[in-house]
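J.: below are the sequence and a predicted model for it; my questions follow.
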Amino acid sequence: MESQQFFAGLCPNSSLPSIPIGKKPFSIKLPPFSSYPYNQPQNLQIHSVAYNPINIAHKACYSSRNIVCCSRNISLQTKEEGFEVRRKKLAVFVSGGGSNFRSIHEASLKGSIHGDIIVLVTNKTDCGGAEYARNNGIPVILFPKTKDESDGLSSSDLVTTLRRLEVDFILLAGYLKLIPVELIRAYRRSIFNIHPSLLPAFGGKGYYGMKVHKAVISSGARFSGPTIHFVDENYDTGRILAQRVVPVLANDTAKELAARVLREEHQLYVEVVEAICEERVVWREDGVPLIRSKENPNDFT
Ligand SMILES: Nc1nc2c(c(=O)[nH]1)N[C@@H](CN(C=O)c1ccc(C(=O)N[C@@H](CCC(=O)O)C(=O)O)cc1)CN2
Ligand SMILES: NCC(=O)N[C@@H]1O[C@H](COP(=O)([O-])[O-])[C@@H](O)[C@H]1O
C-alpha cells in the first residue's frame, strides 16, 4: 500500500514537511528498521521515510490502521491491533457555566475521549464550571493574577504548573481572557478554543457569548455555527480546525440561536477532542490542519 505521509499534530517539530497538496509525497523504502534510532513497536509496519529537504532530518513515518505518526520515540499503537495510544492529559479553561467542559468530561469518563481532564483553569472561581470541577474532584486554578484576584497565578507560574502536571493539551471553553504569549509559546499547536460563530466572521475582541449571536442576527446572516481553532496570540485568529453549520431562522432571538449553536458545540468539541487525543490531527502542506477520519484513514475533514 503506498503510504500517505501526513504528520500528526503531536510531532515535536513544526518544520516537518507535510503533505504536498494534490501530490503524493515522495517516500523511499526504509533501510532495515533495526538500525533505526526509534523504539518502534515490533508490530507496526514502517511504510516510508520522509526526508525533509530543508534540514535533511529524517523521521520514521509509520502507520497502523488508523493513525499515522511521524515521530521521535513515540511508541504508536492502535486499539484494533491491541495497542494503545498514550492517554492524554487535558487542562480546560472556563469563565462561565462550563457546559462544553461538562460535555468533554462526560465523554472522558464514558471512554470516547482517550484523555483525562486533570485541571480546570478559570478567572472566576465562583463560576458554574469551577463548581462542577470541585464537585467532580478536578483541581481548580485561578488565572490570571489581578489586583482584585491577588491569589491568581502569574503567566509564568501557570506555565510551570501545567508543565509539572504534564498537561498535553489546553482546551478553552468559554474562557474570556486573552491567553498570554508565554503560554502559547509553551504549548505550541496544543491550545484549542471553541467560538460560537463561523470564523473568521463575528470574531475578535468584543465578540463573546450573546454578543456574538446578536451580531449574527443583526447582520442578516442565514447560517451560523461553532468553530474550533488553534489559539494564537490574538483573539480568534488561529488556524481553523473544525466547524459545524446551523441555520439562522428569520424570527430567531439571540437566545434561540445561542441554544442551537451550543448543542452543536457540545458534539463538535467532543469529536475534536477525541481526534486530538488519538493523534488524528494532521497538517496540510499549506498549513491547514485537518482531522483524519477514525473509520477511513484516507478521509479528512
Ligand atoms: N490568545 C488568545 N486568547 C484567547 C482566545 C484566542 O483566540 N487567542 N480566544 C478567547 C475566547 N474568545 C473567543 O472565542 C474571546 C473571549 C473574550 C473576548 C473579549 O473580547 N474579552 C473581553 C473581556 C471580557 C471579560 O473579561 O468579561 C476583552 O478582552 O475586552 C473575545 C474573544 C479566549 N482567549
Ligand atoms: N468568544 C468566546 C465565546 O464566546 N465562547 C462561547 O462561550 C460559551 C461558553 O459556554 P459554556 O461555558 O456553557 O461552555 C460557548 O458558547 C462558547 O462558544
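T.: It's in. Ligands and ions are numbered 1, 2, ... in the order given.
J.: I'd say Ser154 and Ile141 touch.
T.: No: contact between Ser154 and Ile141 fails when scored by CB atoms under 8 Å: they sit 11.7 Å apart. Quick note: C-beta positions are derived from backbone N, CA and C, even for glycine.
J.: buried ones in the lengthiest helix in the chain?
T.: Across the chain, the helix with the greatest residue count (assigned by DSSP state H) is helix 254-277. In terms of neighbour count (16 or more other CB atoms under 10 Å), helix 254-277 has its buried residues at 254, 257-258, 260-262, 264-266, 268-277.
J.: same deal with stretch 90-108?
T.: Neighbour-count burial for stretch 90-108, counted by 16+ other CB under 10 Å, picks out 90-105, 107-108.
J.: filter these down to the ones near ligand 2?
T.: Of the entries in the buried residues of stretch 90-108, those that also sit close to ligand 2 under the rule CB under 6 Å from any ligand atom are 94, 96-100.
J.: how about the helices in the stretch 101-250 of the chain?
T.: With DSSP state H, counting those that start in this stretch as the criterion, the stretch 101-250 of the chain has helices at 128-135, 155-164, 181-186, 210-219.
J.: and the nearest residue to Arg222 once chain neighbours are set aside, what pLDDT?
T.: Nearest residue to Arg222 in three dimensions, chain neighbours excluded: Val248, at 5.6 Å (CB to CB, 6 or more residues apart in numbering). Per-residue confidence for Val248 comes out at a pLDDT of 99.
J.: which SSE is the nearest residue to Tyr175 once chain neighbours are set aside in?
T.: Closest residue in space to Tyr175, ignoring its immediate chain neighbours: Phe93 at 3.8 Å, by CB to CB, 6+ apart. Here Phe93, judged by DSSP states H and E, is contained in strand 88-94.
J.: that strand pairs with which strands?
T.: According to DSSP bridges, strand 88-94 has the following sheet partners: strand 115-122 (parallel), strand 169-172 (parallel).
J.: so which of those is nearest ligand 2?
T.: Taking CB to the nearest ligand atom as the criterion, strand 169-172 is the member of those that comes nearest to ligand 2, at 7.7 Å.
J.: how long is stretch 180-198 from one end to the other?
T.: By CA to CA, to the nearest Å, the extent of stretch 180-198 from end to end equals 24 Å.
J.: report whether that stretch contacts ligand 2.
T.: Yes: contact check for stretch 180-198 against ligand 2, using CB under 6 Å from any ligand atom: residues in range are 194-196.
J.: could you dump these into a markdown table with pLDDT, distance to ligand 1 and neighbour count added?
T.: Listed next are these as a markdown table, based on pLDDT from 0 to 100; distance: CB to the nearest ligand atom, whole Å; neighbours: other CB atoms under 10 Å:
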| residue | pLDDT | distance to ligand 1 | neighbour count |
| --- | --- | --- | --- |
| Ile194 | 99 | 7 | 21 |
| His195 | 98 | 4 | 26 |
| Pro196 | 99 | 8 | 26 |
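J.: turn those residues into JSON lines, including distance to Phe300.
T.: Written out in JSON lines, the entries for those read as follows (distance: CB to CB, whole Å):
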{"residue": "Ile194", "distance to Phe300": "20"}
{"residue": "His195", "distance to Phe300": "22"}
{"residue": "Pro196", "distance to Phe300": "24"}
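J.: from these, pick the one nearest Phe169.
T.: Closest approach between the residues of stretch 180-198 next to ligand 2 and Phe169, by CB to CB: Ile194, at 13.3 Å.
J.: Gly98 and Ser108, how far apart?
T.: When CB to CB, to the nearest Å is applied, the distance between Gly98 and Ser108 equals 14 Å.
J.: which residue is nearest the middle of this protein?
T.: The C-alpha lying nearest the average C-alpha coordinate of the chain belongs to Phe192 (CA atoms, centre = their mean; 4.7 Å).
J.: burial of the residue nearest to that residue when sequence neighbours are not counted, as a residue count?
T.: Once its chain neighbours are removed from consideration, Phe192 has its nearest residue in Leu171; the separation is 5.4 Å (CB to CB, 6+ apart). Leu171: 27 surrounding residues under other CB atoms under 10 Å.
J.: just to revisit the earlier point, which one among the residues of stretch 180-198 next to ligand 2 gets closest to Ala215?
T.: Pro196 (10.6 Å).
J.: from Ala173, how far out is the closest one?
T.: Pro196 is 11 Å from Ala173, where distance means CB to CB.
J.: quick check: Val282 touching Thr301?
T.: No: judged on CB under 8 Å, Val282 makes no contact with Thr301 at a distance of 11.1 Å.
J.: neighbour count for the two, which is higher?
T.: Val282 (25 against 12).
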